[in-house]
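Q: Sequence and predicted structure below; questions after.
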Amino acid sequence: MTSQLAEISHDAQYTSQLAEAVRAHFPPTSRDATHLSDLLYCQLKAWGKKHLEASEWHDDGEDGDVLLTWLQGLQFEALVSTGQKQQARALCFKCNVVSAVGHELKPDGTYGERTTCPVCSERWLVATPDYIVDGVIHESKQTRKSQRRGPYDAPWWIEQLAGYILFARKQGSQASWGRLVVNWIMGDYGSRKKGQRPRPPRSELDAFTVRFPADDNFWQSWQEELRERKRIVEGPERPALSLPGDNPVRVPMYEWECPSCPVGKALECPNWIWDDDDNVVVAEEESNDSIGTDG
């Protein structure tokens with residue numbers, strides 16, 4: 001066959017050139033401010049990313065795949081967006097106002113987002129909704145999660161949308177609902193029911209309306225919740241992991257975060273179960289159980 005006669009070799013030099021060309025479209029800027037996304041996942045992970053030097057983070061190899069994955073999300077957002085692209089906004093909990101973020105020159109010579117309120121100098125919370133259509137905030141997602149249970153398996157999406165709506169309400173909006181636009185890259189992973197012809201995974205598109213309570217008490221409570229999470233992430237004290245039975249709203253932590261956590265190893269997190277060669281560490285009692293004995 002033709003393919004068996006072809007000589008194939010990986011072109012590392014050209015691959016590197018392509019990766020650099022992609023990165024050139026996104027000049028590096030500092031991300032020193034606290035973002036809404038920092039408050040939606042494991043608080044210990046977010047705390048570690050704020051307090052540990054980058055050299056202490058777990059080296060997960062080349063970052064090209066991370067960049068390309070992010071770019072795929074941007075491309076999907078550009079395809080489905082029919083409204084106004086949004087700019088970053090910041091909520092100062094002390095002044096209780098939302099402002100434009102702006103950029104500034106950092107002491108190290110890099111150019112990045114402003115991290116503090118220009119009025120009171122308190123660190124603020126930055127958020128950037130995807131786009132707005134007819135006054136409705138839209139958040140787009142491209143995911144490899146299964147479509148089967150929809151957004152119910154992604155509570156962090158709901159909290160993110162709630163955060164954006166909170167910002168809008170602080171600016172005078174009366175909104176209490178928004179939309180999620182989701183591209184399920186693998187659909188519901190296909191069908192493999194016994195006795196039926198298998199159906200391959202297919203990319204699917206869904207739009208969801210997400211409604212929250214309209215009363216001010218709900219939004220004031222959500223603002224205080226975000227303020228407390230921000231305090232935990234920025235504070236000097238290492239936060240505890242959530243335990244079974246804990247309020248998941250107070251201390252969000254999801255198991256899928258652990259395998260790719262960049263700081264779990266450095267923090268000696270109990271959920272970091274991989275050794276220096278990225279193999280699972282077998283507990284001593286499990287290891288003993290696996291040893292055969294003469295009967």
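A: Received, thanks.
Q: For the stretch 101-250 of the chain, which segments are assigned as strands?
A: 103-105, 111-113, 125-127, 131-133, 136-143, 177-184, 204-211 (DSSP state E, counting those that start in this stretch).
Q: any idea which of those strands scores lowest on pLDDT?
A: Lowest mean pLDDT within the strands of the stretch 101-250 of the chain: strand 103-105, at a mean of 76.
Q: now for it, which elements pack on it?
A: Judged by 3 or more C-beta pairs under 8 Å, 6 or more residues apart in numbering; DSSP states H and E, strand 103-105 is in contact with strand 111-113. To be clear about C-beta, it is placed using only N, CA and C from the backbone, and glycine gets the same treatment.
Q: on that earlier part again, mind checking the strands of the stretch 101-250 of the chain for the one nearest to Arg31?
A: Judged by C-beta to C-beta, the one of the strands of the stretch 101-250 of the chain that comes nearest to Arg31 is strand 111-113, at 6.8 Å.
Q: Could you spell out the sheet neighbours of the closest one, each with its direction?
A: Strand pairing for strand 111-113, using DSSP bridges, gives strand 103-105 (antiparallel).
Q: quick one, what contacts the residue nearest the centre of the chain?
A: The centre of the chain sits closest to Ser37, judged by C-alpha atoms, centre = their mean, with a distance of 5.8 Å. Counting by C-beta atoms under 8 Å, 6 or more residues apart in numbering, Ser37 touches Gln160.
Q: what does Pro118 give?
A: If you count contacts by C-beta under 8 Å, 6+ apart, Pro118 has them with Ser99.
Q: Just want the phi and psi numbers for it.
A: Torsion angles at Pro118 (phi, psi; degrees, to the nearest 10) stand at phi -70, psi -10.
Q: follow-up on the earlier one: the residue nearest to the centre of the chain and Val80: what is the separation?
A: Going from Ser37 to Val80 by C-beta to C-beta, to the nearest Å gives 20 Å.
Q: With Trp47 instead?
A: 34 Å.
Q: Of the two, give the one with the bigger neighbour count.
A: Between Trp47 and Val80, Trp47 has the larger neighbour count (other C-beta atoms under 10 Å), namely 21 against 17.
Q: Pro239 is in contact with that one, correct?
A: Yes - contact criterion C-beta atoms under 8 Å: Trp47 and Pro239 qualify, at 5.3 Å.
Q: list the residues that contact both of the two?
A: Shared between the contact lists of Trp47 and Pro239 (criterion: C-beta under 8 Å, 6+ apart) are residues 232-233.
Q: need the contact list for Thr143.
A: Listed by C-beta under 8 Å, 6+ apart, the contact set of Thr143 reads 154, 182-185.
Q: from those, which would you call buried?
A: 154, 182-185 (16 or more other C-beta atoms under 10 Å).
Q: Nothing else from me, thank you.
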